[in-house]
Structures are given as C-alpha cells and as structure tokens.
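Asker: coordinates only, sequence not included:
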C-alpha cells in the first residue's frame, strides 16, 4: 500500500478513488442491509449460544411445570402416608420411594418444589419492587436524599442477614409468609444498590438531558428513559436472588425455623431424612437434596449466562 | 486516613446499637414467656422467677439494664440452664467455633485462589471448564446437604473419617470440607475473572518481555492485583461461614456457639438468644470494619485522605 501511495494515508486524506458505491440506486443505498437488532433480541441471540445457561433455563421450565402439575397428576397425597408401606425403595409404584411415614417421595418432591419456588420467586419479586423504588429515588434525586437513603442501606447491609431472619422467625413464628417477609426485610438492599448505581450513571447521559429539555415529565423520564435501561443488571440480580432465597428457605427449615414438618418443602424433607444416612434409605434424602442442588445450579448458570448476554461490553 | 477510620468507626458503632436495640425489641415482642412450659410452677414461683431475671421491671429500666450488661460484657444467666451464665456458654463455644471458622477460611482461601489461578492460566481449555464446573457446583450445593453426603460416603460407607463430634484434627476434616466448599467456589470464580483481566494488561506483557520466570510474574505481579476483590468479599464470606456453622455444628454435634444458638432458639432462652446474637453480630460487624480498613490501606487507588497535591 505504501509503495503505491508514497504520501502517508491518514483518516483525513484517503484518496477518492478508493471509494466505490456498493449499490448504484439511491433508494437501495438507504435500505438497511440486515434487520435491526434491539437490545433484547441481541441479548437473546447471545444467550441462545450459551448451552449451559439454556439447559439451566430448560430445567427451570420443566421444574416449574412439574411443580404445578406433579402433585395433581400423582395418585398419592403429599402429606398422607400408608404406614405399612414405609421406606419402600424406588419402584414402578413409588418412583422416588416412600419415606418414614410411608408418604410418596415423588409427590412430596413436587409439593416441595411449589413451596421452594414460591419462596424464591416471591422474595425476588418483592426485592425488585422495593429495590427499584428505593434505588431509583435515591439515584435520581441525588444529593441529601441520596445520602440519607444510602446511610440506611449501609446500616442494613452491615447487619448479618440470616441472624435477623432467625430473630424475626423466632418472634413471628414459622410460616410461609413470615419466611418471605423475613427474607425480604434485608434482602432488597442489594437490589437497591444496583438500581441506584445504574440510575446515577444513566441519568447523566445526553438522551436524558434531551428529553428533560423537551419538558418531559419527571415520572415519564424515569419510566421510559431510565428504567428500561437498568433492566439488564436487575434481571441478573433477580435470577441470582431466587437460588439464594431457595437456599435460605431450605436452611431455615433444616434448623427447624421454616415450614413445619407434615408439610413438604425440600429443606423439611432433607432434615426429616437425616437419619436415613445411617439406615441406608438413601432415596428419602437423595431426591430433595438433588433437586435443591440442581435448581440452585440451574439458576446460577442462567444468571451467569444472562450476565454475559445482557452486558453490551462483552459483545463480539 | 484517620478521618476515614473515624467515620467508619462511628458508622460501625451506630450499626451495633441498631442491632442491639432491634434484638431487645424483638425479644420483647416474642409471644409466650420462657416459664410457660414449666407446668410445675405456680403463680408465686413465676413472679419470683420474673423478679430474678428483671422481667417485672418497666421496659425502659429493662432496656437500660440490658445496655449496661452488654457494655460490661456480662450477658447474665441462662434461663433454661440455671447454673450456667451466657458468658460460660460463649466461653466454651466460641473457641471451638473460632477454630472451625479459622481453619475453614484458610482452606477456602488457599484452595480457591489456587483453582482460580489454574483456571485463568488455562483459559477456555479443559482445566478451566472443569474448575469452573466444580465452582458452580460448589456454590449450588447447600452446605448442609454436602455435609450429609460427606458423612454418608466418607464416614459411614468407607469409614475413613469419624462421623461426628470434635476431638482432634481428624474430626475436623469433614465439617471443614462441608463449610469451606461454598466460599472456596466463590473465591475461585472471583480470582479467575480478575486474573483474566489482569493478565491482559501491559505491565504483565512488560514483565514477560523482561524475561521473568512465569511463576514470578503470576505471584509477584498478577496475583497482587487480582486479589483485591477477594479481600472485599472476605467480610461477606465470613458472615456466610459463621451462619453456615450453625447447621454444620448441629449435624456434626460440635459443641460450638452455633449449636448453643440453635438450642437457645428452640428453648426460647432469651438471655442466650440475645447474648449470642449480639456477640455474633458485634463480631461480624467488627470484622467487616477491619476488612474495610484493610482494603483502604492495601489498595493504593483508594485515596482515603483526599489531600490536594499529594501523590
């Protein structure tokens, strides 16, 4: 190249003959060569290539449908056992075997999935709601409001959360609702921090300034200008909140502060069948343990995948 | 620097006060008195008991007494175990829990960092995939399930390690393994991602160009910067290990603080619940404070004292 053009070619003096029209017709030139990709389409395209994340998603889909339909389809009652049939190993009659009270582990596993998933999704939903409102206001207002709101967050963040949850459960008594309340009392803090960080960054962009100068109402700027662009990290955080809530529920049930025993939750099932280790009835422990772990695994890999897919910086 | 520490210190004391007061308020609103379950006691005995434990005083007086007891580190007698004070329980339980926690964090740090470095050096190769697969599994399997699996396989089926209790180094292996896997996985993932970032930077190329030995580049140049984020999450990891030890101590029948804590919850033993909660949270909050300070000192990019014209 340099031999042909002794003069050094820079961005400003590229010779005209180097350029040619790709399309002759003016109209054709204006047409977009490829379909335009929105942020979400692009993210989905990249997520699809991540097989691990996609299999996590598939597993979650199956799990959710089994949680809905499993207990209905099964011929057994989740909390009713036949004592003469206790500790049956997995067979054609009882696919996952039966437990110490002769209850069908297959049915109880899906009943437990209902509770675990309900706790997980509810906790994530409440966290997101409070987090978006708190973080959004804090980040958007800035100044003294932000300072005050962040101090509160800092204090809540410093308090070891499981201790608070345990204290609250001792006071309120164990039940599904109290577990969700206890988990969200301090759980929203992480979400609020993320939303605030995003909002603070985005509110200084030109397009927000532009819409402000058009005289757009503040609520509209927040709803249309800010929130959609903070959704990426929020979704990732949500996907990661679900497994930690499921873990917390199992943990609390395990130490006897969660759902109480005749009802099924994975934590209760695991804690009830601790003795099974010694007696050799492995299936009573294996199935709840397996599903807790695989569910958490699925949500974690999906969260990781989403994090990569929703981050425009990692685009190839 | 001094101003930064002072600010953090005040913040920490305020957080401590909040949790102490919160514990008090929550314990007040617990339904049922600790003496309810004792059917043998009549009216007068009950009143005398309440007097003995200051439960008949007005709430404000109880609160002041409570604050005083915490400042003087005298948490008072246990209600359910009459000859024991909360201090006795803490004094017996804490060294064991601290030992377990310390060994766990050391194991988690060393193995986590090693796995993270290995994965980063073999980026996108089989070792990387295996290491990260193990890491995600480690995060996904709850510690109490891992503990039961370990007992089932290593202790019951193969009888390599003792099943439970706390009598020496061999007894430590399983609980530490169960407790350390989660933090190890988190550390490994973090080390890997920061290592990958650091390894692409110019000063690493420079070090390579100088002809330094590869291990020297990794240990002296890359690792120092890659470990920053690990220090930031140390506080959170400590909290996780502490709360994790509640269940682990239960499962392995280790007579540590976590076991007493869970027992006191089930027995509604107010002084013990309050004492252990306050002790736990103070310990953790102080740890978080120290991590904050350490981070401020180690990372030169964080200017804790913003003086003009100072490098």
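Answerer: Nice, I can see it. Here the structure is a predicted model, which is why all the values come from computation and not from measurement.
Asker: is any residue of the helix or strand where residue A:292 lies near chain B?
Answerer: Counting by DSSP states H and E, the element that carries residue A:292 is helix A:282-310. Yes: using Cβ under 8 Å from any Cβ of the partner chain, helix A:282-310 reaches chain B at A:282, A:285, A:289, A:292-294, A:296-297, A:300-301, A:304. Yep, even glycine has a C-beta here, placed from its N, CA and C like the rest.
Asker: now list the buried members of the residues you listed.
Answerer: When neighbours are counted using 16 or more other Cβ atoms under 10 Å in any protein chain shown, these contain these buried positions: A:282, A:285, A:289, A:292-294, A:296-297, A:300-301, A:304.
Asker: can I get those in JSON lines including distance to residue B:147 and pLDDT?
Answerer: As requested, those are exported to JSON lines (distance: Cβ to Cβ, whole Å; pLDDT from 0 to 100):
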{"residue": "A:282", "distance to residue B:147": "15", "pLDDT": "71"}
{"residue": "A:285", "distance to residue B:147": "11", "pLDDT": "78"}
{"residue": "A:289", "distance to residue B:147": "11", "pLDDT": "83"}
{"residue": "A:292", "distance to residue B:147": "13", "pLDDT": "86"}
{"residue": "A:293", "distance to residue B:147": "13", "pLDDT": "86"}
{"residue": "A:294", "distance to residue B:147": "18", "pLDDT": "88"}
{"residue": "A:296", "distance to residue B:147": "16", "pLDDT": "87"}
{"residue": "A:297", "distance to residue B:147": "18", "pLDDT": "86"}
{"residue": "A:300", "distance to residue B:147": "20", "pLDDT": "85"}
{"residue": "A:301", "distance to residue B:147": "24", "pLDDT": "85"}
{"residue": "A:304", "distance to residue B:147": "26", "pLDDT": "82"}
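Asker: contacting residues for the residue in the stretch 51-200 of chain B that chain A sits nearest to?
Answerer: For the stretch 51-200 of chain B and chain A, the shortest gap (Cβ to the nearest Cβ) falls at residue B:140, measuring 3.8 Å. Residues near residue B:140 by Cβ atoms under 8 Å, 6 or more residues apart in numbering or on different chains: A:243, A:293-294, A:296-297, A:300.
Asker: and of these, the nearest to residue A:72?
Answerer: Of all the contacts of residue B:140, residue A:72 sits closest to residue A:294, with 22.2 Å by Cβ to Cβ.
Asker: shaky segments in the stretch 101-250 of chain B?
Answerer: Residues of the stretch 101-250 of chain B meeting the criterion pLDDT under 70: none.
Asker: contact residues of it facing chain A?
Answerer: B:136-137, B:139-142, B:144-145, B:148-149, B:151-152, B:156, B:239, B:242-243, B:246-247, B:250.
Asker: buried only: go through these for me.
Answerer: Buried among those by 16+ other Cβ under 10 Å: B:136-137, B:139-142, B:144-145, B:148-149, B:151-152, B:239, B:242-243, B:246-247, B:250.
Asker: which of those fall in helices?
Answerer: Among those, the members falling in helices (DSSP state H) are B:136-137, B:139-140, B:144-145, B:148-149, B:239, B:242-243, B:246-247, B:250.
Asker: any residues of the stretch 201-316 of chain A in contact with chain B? List them.
Answerer: A:243, A:247, A:250-251, A:254-257, A:270, A:274, A:277-278, A:282, A:285, A:289, A:292-294, A:296-297, A:300-301, A:304.
Asker: could you point out the longest helix of the chain?
Answerer: All of this refers to chain A. helix A:105-141.
Asker: not quite, go with chain B.
Answerer: Under DSSP H, chain B gives helix B:86-121 as its longest helix.
Asker: remind me what that one packs against, helices and strands.
Answerer: helix B:126-140, helix B:169-199, helix B:223-226, helix B:228-251, helix B:257-267, helix B:270-298 (3 or more Cβ pairs under 8 Å, 6 or more residues apart in numbering or on different chains; DSSP states H and E).
Asker: relative to helix B:270-298, how tilted is that helix?
Answerer: Helix B:86-121 runs at 40 degrees relative to helix B:270-298, counting by axes from the mean of the first three to the mean of the last three Cα atoms, to 10 degrees.
Asker: what residues of helix B:86-121 count as buried?
Answerer: Buried residues in helix B:86-121, counted by 16+ other Cβ under 10 Å: B:86-87, B:89-90, B:93-94, B:96-97, B:100-101, B:103-105, B:107-109, B:111-113, B:115-121.
Asker: run the contact check for the longest helix of chain A versus chain B.
Answerer: No: Helix A:105-141 lies out of reach of chain B by Cβ under 8 Å from any Cβ, never closer than 11.6 Å.
Asker: off-centre distance for that helix?
Answerer: Computed by Cα atoms, centre = their mean, to the nearest Å, the separation of helix A:105-141 from the middle of its chain amounts to 9 Å.
Asker: now swap in stretch B:271-281 and tell me
Answerer: What separates the centre of stretch B:271-281 from the centre of its chain is 15 Å, taken as Cα atoms, centre = their mean.
Asker: quick check: buried residues in it?
Answerer: Residues B:271-281 are the ones in stretch B:271-281 that count as buried (16+ other Cβ under 10 Å).
Asker: mind checking pLDDT for residue A:62?
Answerer: Per-residue pLDDT puts residue A:62 at 90.
Asker: likewise residue A:127?
Answerer: pLDDT at residue A:127 comes out at 90.
Asker: please tell me how far it sits from residue A:135.
Answerer: Counting by Cβ to Cβ, to the nearest Å, the separation of residue A:127 from residue A:135 is 11 Å.
Asker: which of the two has more neighbours?
Answerer: More crowded of residue A:127 and residue A:135, by other Cβ atoms under 10 Å in any protein chain shown: residue A:135, with 28 against 25.
Asker: contacting residues around that one?
Answerer: Counting by Cβ under 8 Å, 6+ apart, the residues that residue A:135 touches are A:191-199.
Asker: any of the residues you listed buried? List them.
Answerer: Counted by 16+ other Cβ under 10 Å, those give A:191-196, A:198-199 as buried.
Asker: Throw those residues into CSV and include distance to chain B and secondary structure, thanks.
Answerer: Formatted as CSV, those follow (distance: Cβ to the nearest Cβ, whole Å; DSSP: H, G, I helix; E, B strand; the rest coil):
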residue, distance to chain B, secondary structure
A:191, 16, helix
A:192, 17, helix
A:193, 13, helix
A:194, 15, helix
A:195, 20, helix
A:196, 18, helix
A:198, 20, helix
A:199, 23, helix
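Asker: tabulate these (TSV), appending pLDDT and distance to residue A:44.
Answerer: Formatted as TSV, these follow (pLDDT from 0 to 100; distance: Cβ to Cβ, whole Å):
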residue	pLDDT	distance to residue A:44
A:191	87	23
A:192	89	27
A:193	86	27
A:194	86	22
A:195	87	23
A:196	87	27
A:198	85	21
A:199	85	25
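Asker: relative to residue B:197, which of those is nearest.
Answerer: residue A:194 (20.5 Å).
Asker: is stretch A:48-65 anywhere near chain B?
Answerer: No: against chain B, stretch A:48-65 shows no contacts by Cβ under 8 Å from any Cβ, the least distance being 8.5 Å.
Asker: got a list of contacts for that stretch?
Answerer: Residues from elsewhere that reach stretch A:48-65 (Cβ under 8 Å, 6+ apart): A:47, A:113, A:117, A:291, A:294-295, A:297-302, A:304-306, A:308-309.
Asker: kindly supply the ChimeraX command isolating those of these that are buried.
Answerer: To isolate the buried ones among those in ChimeraX, judged by 16+ other Cβ under 10 Å, type:
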select /A:47,113,117,291,294,295,297,298,299,300,301,302,304,305,306,308,309
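Asker: taking the stretch 151-300 of chain B, what residue is nearest to chain A?
Answerer: Nearest residue of the stretch 151-300 of chain B to chain A, counting by Cβ to the nearest Cβ: residue B:243, 4.2 Å away.
Asker: wait, isn't that residue in contact with residue A:160?
Answerer: Yes: because the distance of 6.8 Å satisfies Cβ atoms under 8 Å, residue B:243 is recorded as touching residue A:160.
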